[in-house]
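*Asks:* 3D, please:
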Amino acid sequence: MEVKVYSVEGVMLIGHDRKPEWRKFKVYVRALKPEHALERVYSELGSRHKLKRAHIRVESIVEVPLEEVGDARIIKLANLDKIAR
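*Replies:* This is a model prediction of the structure:
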């Protein structure tokens, strides 16, 4: 299977206990399937912003070509020939 790049867009609830505010997000993720990309987004946003899955609403998951990706980290990962351990 080939690893693809997905653009995941949606909203997340920031400050849910003090002053709740829904903010938009757009994240580029490398994954095999859209389901894997969704799990990755839940994991990254949850750990980065201390959010639960109920505080993240995904509106779209779209496969994008590498030329449209705006994240330099994703581009570097996609262009690697091999990963050294």
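*Asks:* got any ranges where this protein has weak pLDDT?
*Replies:* 83-85 (pLDDT under 70).
*Asks:* nearest residue to residue 77 other than its sequence neighbours?
*Replies:* Excluding its sequence neighbours, the residue lying closest to residue 77 (C-beta to C-beta, 6 or more residues apart in numbering) is residue 30, at 6.1 Å. C-beta coordinates here come from the backbone N, C-alpha and C atoms, glycine included.
*Asks:* Show me the strands paired with the helix or strand the one you found falls within, marking each as parallel or antiparallel.
*Replies:* Using DSSP states H and E, residue 30 sits within strand 21-31. Its sheet considered, strand 21-31 pairs with strand 4-14 (antiparallel) by DSSP bridges.
*Asks:* Pull out the buried positions in the partner strand.
*Replies:* Counting neighbours by 16 or more other C-beta atoms under 10 Å, one finds that the buried residues in strand 4-14 are 4, 5, 6, 7, 8, 10, 12, 13, 14.
*Asks:* Report the contact partners of the fourth one.
*Replies:* The neighbourhood of residue 7, defined by C-beta atoms under 8 Å, 6 or more residues apart in numbering, consists of 26, 27, 28, 60, 61, 62, 63, 64, 68, 69.
*Asks:* can you pick the most crowded of those residues?
*Replies:* residue 28 (20 neighbours; other C-beta atoms under 10 Å).
*Asks:* Who are the contact partners of that one?
*Replies:* 5, 6, 7, 8, 64, 69, 70, 71, 74.
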